[in-house]
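Participant: the following block contains a protein sequence and its predicted model.
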Amino acid sequence: MKQLPQFRQFVTVAFLSVFLVACAGNDTKEQEAAAAQAAAEAAAQAEADAAAAKAAQERAEAEAAAEMRRLQDDARMAGSVVYFEFDSSALTDTGRAVLDKHVALLKSTGASVRLEGHTDERGTREYNMALGERRANAVRDYMMVKGIPGYRLESISYGEEKPVSYGSSEVSWSQNRRVEIK
Amino acid sequence: MKAFLLSAGILVVTLLSSVARAELVIEITQGIDNPTVIAVSPFAWEGSGVAPEDVAYVIQGDLYRSGQFAPVPRENMLGTPSRDEDIFFRDWRMVNAQYLLIGRLTGEQTLTADFALYDVTKQTLVIQGSEQAVKEEVRTLSHRIADRVYTALTGIPGAFATKLLYVAVTPIPGEKDYYELTLADADGARPQVLLASREPILAPTWSPDATEIAYVSFETSRPAIFRQNLETGAREQLTAFRGLNGSPSWSPDGKRMAMVLSKDGNPDIYVLDLQTYALERITRNYAIDTEPTWMTDGKSLLFTSDRPGRPQIYRYDFVTGLTDRVTYEGSYNARARVAQDGRNVVLVHQQDGDYKIAVLDIETRRLTALTSTDLDESPSIAPNGSMVLYATKQAGRGILAAVSVDGGARFNLPARDGEVREPSWSPYLPKTP
């Protein structure tokens, strides 16, 4: 609206007020009652709408929280370690199933993770360092294909330096050939 | 790049400070047939107070460890001469000694040892001489005499007055392992911790002049290559690339360092100029290329690659820019180290499922297994080419072990406590006071 000088604004308002009072006449009381009722109804409606919206929002939040809990539980149940065959960086079906749970969780949290690759003790330490990285990258590539952006995934290899089982048999070795999601 | 300062949880220890817990113990397991019998008569101490070291005992231990000598036990000696005029050759023939070493130690802050080596059968002098060292380096003085005796009797330069680098690991239940980068005499004595960390330390290696070392440390939670001056303790972080930062190897002229990096997506060999920090990429291959090591003339690099499916040794020639495969025998050959003669290459070789140490003659391409145990790795060759030090397992525990290049002599070097791994034998040391 175009801005009027202050004096002319005042004159305009005064004129309109006189005009409206003159028009009101005898119907004033009925109209006031009707207006009051309408206002009350509108207020009640607004209150009900707000309550409903709030309830809906709370419900949505609760559902989202429940969904997050479910995703977290799924990921926790699946574990945060995937295992590999000897001298291999190929993901197993079990490994993929574990990673799918983590991919679902990462999609909803937006978090970043470290993928720590490990090998068993056989073979040279530096070659195993490279093999551990190849495993971590296999996990990274799978997660990227499933929609997690690469900048949220960091591959680190510890080679054979951090075994979880210290024995020198396949029982220990199979537990050490792994990628840990951290 | 500036010298890297200490960060939390890391302890850089300068020389002559804490004594390592992981002291090595020598267990000789095999000597050659018909070793030379030598008697090392206890050296006379002509200084004041108590002798600072049993010099003769250190010398005799060095010679015994080579596998080529059988020292006469002291309790069998019929006399302990320290001067020419006190020698009765008949006494030494009676205990079957072929050679006799005598000597005297004198001095206060600086010690002097005069020694003489005799041929018992011919009753003649073989060599005589003297060695000097400050009191704290009396073991170095002893090792130098052992070197001169060894050289006189075998024709091969001695390598007893050298050092070993290794990584000692103490597992702490419920906590992270404790890593100590350790420096010791070639006989395992006088261990000193150069770096202590709760994160892995690996791949220690020497500069060709033996004044500096390089290694990989995970102290930043990622692998990074560091160099460290042994005299000043000054330390510099050389790399912090995304991915692998490993296998540092100094060029023979000391000006460049080969390494493995995976910053460009895949493990490849790179060479870092240590003056300009310019980085040159050497290999471009989708396979794993790692564990570079220089040939002694600096004109080519050996490295491990799994291009054929399993790891094998390849050679990159700086002059032609060509790469060719070196090993064909066996399904796994990795981590080569070249002897000073530029001909013998020691490596990890898989045979019948076991990982053994083998020596490859790079000219004839003949490969000979040196060990018969399993899980042997990290071979490192003495600067005189005579012995190979490596890491193995004994009753589930990581130990160091040594074998002569001809396979004739062997000894084990377990730690008193904890595990030891990744030995790196120094080049010849610069002569210190």
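Facilitator: Cool, the structure landed.

Participant: the residue of the stretch 101-250 of chain B found nearest chain A: what's it in contact with?
Facilitator: Residue nearest to chain A within the stretch 101-250 of chain B (C-beta to the nearest C-beta): B:P200, separated by 4.0 Å. Every residue, glycine included, has its C-beta placed from N, CA and C. With contact set as C-beta atoms under 8 Å, 6 or more residues apart in numbering or on different chains, B:P200 has these partners: A:158, A:161-162, B:177, B:179, B:216-218.

Participant: inside strands: which ones of those residues?
Facilitator: Among the contacts of B:P200, the members found in strands (DSSP state E) are A:158, B:179, B:216-217.

Participant: of the residues you listed, closest to B:L370?
Facilitator: B:V216 (26.1 Å; C-beta to C-beta).

Participant: rewinding a little: nearest to A:S172, of the contacts of B:P200?
Facilitator: Comparing the contacts of B:P200 against A:S172 with C-beta to C-beta places A:K162 closest, at 13.1 Å.

Participant: near the residue nearest to the closest one when sequence neighbours are not counted, how many other residues are there?
Facilitator: Excluding the flanking residues, the one nearest A:K162 by C-beta to C-beta, 6 or more residues apart in numbering or on different chains is A:H118, at 6.1 Å. When neighbours are counted by other C-beta atoms under 10 Å in any protein chain shown, A:H118 registers 26.

Participant: so what's A:H118 bridging to?
Facilitator: Listed by DSSP bridges, the beta-bridge partners for A:H118 are A:G159, A:R178.

Participant: verify the stated contact: it with A:S165.
Facilitator: No - look at A:H118 against A:S165 with C-beta atoms under 8 Å: they stay out of range, at 10.9 Å.

Participant: what's next to the helix or strand B:L101 falls within, contact-wise?
Facilitator: Element membership for B:L101, per DSSP states H and E: strand B:99-107. Residues outside strand B:99-107 that contact it (C-beta under 8 Å, 6+ apart) are B:36-41, B:43-47, B:51-52, B:55-56, B:59, B:81-84, B:87, B:89, B:92, B:111-120, B:126, B:132, B:135, B:138, B:145, B:149, B:153.

Participant: note down every partner strand of it and its orientation.
Facilitator: Next to strand B:99-107 in the sheet, as set by DSSP bridges, lie strand B:36-40 (parallel), strand B:44-45 (parallel), strand B:110-119 (antiparallel).

Participant: return the distance of the last one from the chain's centre.
Facilitator: The chain centroid and the centroid of strand B:110-119 are separated by 26 Å, computed with C-alpha atoms, centre = their mean, to the nearest Å.

Participant: can you check the shortest one too?
Facilitator: Averaging C-alpha positions (C-alpha atoms, centre = their mean) puts strand B:44-45 31 Å from its chain's average.

Participant: after it comes which helix or strand?
Facilitator: That would be, after strand B:44-45 and using DSSP H and E, helix B:55-65.

Participant: please identify the buried residues of that following helix?
Facilitator: Neighbour-count burial for helix B:55-65 flags B:55-56, B:58-65 (criterion: 16 or more other C-beta atoms under 10 Å in any protein chain shown).

Participant: flag the helix or strand of chain B with the lowest per-element mean pLDDT.
Facilitator: Using mean pLDDT, DSSP states H and E, the weakest-scoring helix or strand in chain B turns out to be strand B:11-12, at a mean of 63.

Participant: so what touches the following helix or strand past that strand?
Facilitator: Once the chain leaves strand B:11-12, the next helix or strand it forms, by DSSP H and E, is strand B:27-30. If you take C-beta under 8 Å, 6+ apart as the criterion, strand B:27-30 is touched by B:64-65, B:67, B:408-414.

Participant: pull the CA coordinates from strand B:27-30 and hand them back as PDB.
Facilitator: Extracted as PDB, the C-alpha positions of strand B:27-30 are listed here (Å, rounded to 0.1, in the frame of the first residue of the first chain):
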ATOM      1  CA  GLU B  27      70.300 -69.000  21.500                       C
ATOM      2  CA  ILE B  28      72.700 -70.600  19.100                       C
ATOM      3  CA  THR B  29      71.000 -73.500  17.300                       C
ATOM      4  CA  GLN B  30      73.500 -74.500  14.700                       C
END
